[in-house]
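Asker: what shape does this take:
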Amino acid sequence: MIGTEPTSACEKVSLWDSFATAVQFLTRIPIPGPMQGTPTYYQQALSRSVVFFPLVGSLVGVLTAASALAASQVFSPLVCGLIAIGLETLITGAFHEDGFADSWDALGGGWTRERVLEIMKDSRLGTYGTTSLIIGLGLRVATTAALLPSGWLWTLASIVAASTLGRVAILGMMISTEPIPGRDSHAKDISGTQSWKTLIVAVVMTWPMWGIWIWLSPIVAGATLAVVVLALWRFRKTILVRVGGTTGDLLGCSAFLTQLIVLIGSTWRLDHA
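Answerer: Sure, this is the predicted structure:
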């Protein structure tokens, strides 16, 4: 539990605490960090941790890919896909899956801005959210299974790239789109403090983790990234019209959507490599 001891507002947050906060925020991996510290220090660490979101995504992707490849030595591709995606949701606490489902529940079922935001805050899952989650997770299982016959390198590169770029999408949405005012959330607290420099540093830091995916198949990767940019542009335009900004759920949805597109695009290589 976060402590209550006062902390100087200008206290410098270490790189380790920033990274540890990103791990604590995005996953269920037990790691010591500022969550055990004071509220002020934790808030500062959370704001600085955003630059490490894609790196944490890379680590999650490595674990997901490793589990799929290890399972492929014993089980069929479909079973491996289920094991890998099941493990990933266990690691992340289904964090972005929750945002994906809540977002489509709200956007699909809400006719006014107020109703969209009300549905998004509701912990219950409706028809739109349930349907989108079934299709989204089903496609991730299917694409993971479809990647395995292409070899371990392409499978690893594709899954890691998808997981990393999903978190890059969060940074892009944070920087390009203002959070909805008046909502008490971490998204509002940290989105407004980010800059394009944060995104550039995060991209450079994780380039080795997803650059190999582009190097292995530049045409497929380039076409897939073009679809990602187009989808995020359309998604951003939709949420600006519907609610006027971002929320934590919408940021999570952008990550899940990006991850899904990269995985789908990567399967195209199997027939056209």
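Asker: identify the residue nearest residue 90 in space, chain neighbours excluded?
Answerer: Among residues not flanking residue 90 along the chain, residue 28 sits closest, at 7.2 Å (C-beta to C-beta, 6 or more residues apart in numbering). C-beta: built from backbone N, CA, C; applies to glycine.
Asker: with residue 159 instead?
Answerer: residue 65 (4.0 Å).
Asker: and the host helix or strand of that neighbour, which residues are buried?
Answerer: Using DSSP states H and E, residue 65 falls within helix 53-71. By 16 or more other C-beta atoms under 10 Å, the buried positions in helix 53-71 come out as 53-69, 71.
Asker: would you map the helices across the stretch 101-250 of the chain?
Answerer: Secondary structure of the stretch 101-250 of the chain by DSSP state H, counting those that start in this stretch: the helices cover 113-121, 127-147, 152-176, 186-191, 196-216, 218-242, 248-267.
Asker: can you give me the offset of the last one from its chain's centre?
Answerer: Relative to its chain's centre, helix 248-267 lies at 7 Å (C-alpha atoms, centre = their mean, to the nearest Å).
Asker: how many other residues sit next to residue 22?
Answerer: Neighbourhood size, residue 22 [other C-beta atoms under 10 Å]: 26.
Asker: before we move on, which element is it in?
Answerer: helix 15-26.
Asker: which strands and helices lie in contact with that helix?
Answerer: Here helix 15-26 touches helix 39-49, helix 53-71, going by 3 or more C-beta pairs under 8 Å, 6 or more residues apart in numbering; DSSP states H and E.
Asker: still on that earlier bit, can I get the helices of the stretch 101-250 of the chain in JSON lines including distance to residue 78, mean neighbour count and mean pLDDT?
Answerer: Formatted as JSON lines, the helices of the stretch 101-250 of the chain follow (distance: least, C-beta to C-beta, whole Å; neighbours: other C-beta atoms under 10 Å; pLDDT from 0 to 100):
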{"stretch": "helix 113-121", "distance to residue 78": "33", "mean neighbour count": "16", "mean pLDDT": "89"}
{"stretch": "helix 127-147", "distance to residue 78": "5", "mean neighbour count": "19", "mean pLDDT": "96"}
{"stretch": "helix 152-176", "distance to residue 78": "14", "mean neighbour count": "24", "mean pLDDT": "96"}
{"stretch": "helix 186-191", "distance to residue 78": "35", "mean neighbour count": "19", "mean pLDDT": "66"}
{"stretch": "helix 196-216", "distance to residue 78": "23", "mean neighbour count": "17", "mean pLDDT": "94"}
{"stretch": "helix 218-242", "distance to residue 78": "23", "mean neighbour count": "15", "mean pLDDT": "96"}
{"stretch": "helix 248-267", "distance to residue 78": "14", "mean neighbour count": "25", "mean pLDDT": "96"}
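Asker: can I get the ones you listed in JSON lines including distance to residue 76?
Answerer: Formatted as JSON lines, those follow (distance: least, C-beta to C-beta, whole Å):
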{"stretch": "helix 113-121", "distance to residue 76": "38"}
{"stretch": "helix 127-147", "distance to residue 76": "8"}
{"stretch": "helix 152-176", "distance to residue 76": "15"}
{"stretch": "helix 186-191", "distance to residue 76": "40"}
{"stretch": "helix 196-216", "distance to residue 76": "25"}
{"stretch": "helix 218-242", "distance to residue 76": "25"}
{"stretch": "helix 248-267", "distance to residue 76": "17"}
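Asker: buried residues in stretch 80-87?
Answerer: 80-85, 87.
Asker: cool, stretch 90-102 as well?
Answerer: Neighbour count says stretch 90-102 has 91-92, 94-102 buried, by 16+ other C-beta under 10 Å.
Asker: so which of these belong to helices?
Answerer: In helices, judged by DSSP state H, the following of the buried residues of stretch 90-102 are found: 91-92, 95-102.
Asker: from these, pick the one nearest residue 234.
Answerer: Using C-beta to C-beta, residue 100 comes nearest to residue 234 of those, at 15.7 Å.
Asker: give the residue spans of the stretch 1-150 of the chain that score low on pLDDT.
Answerer: Counting by pLDDT under 70, the stretch 1-150 of the chain has low-confidence residues at 1-11, 35-37.
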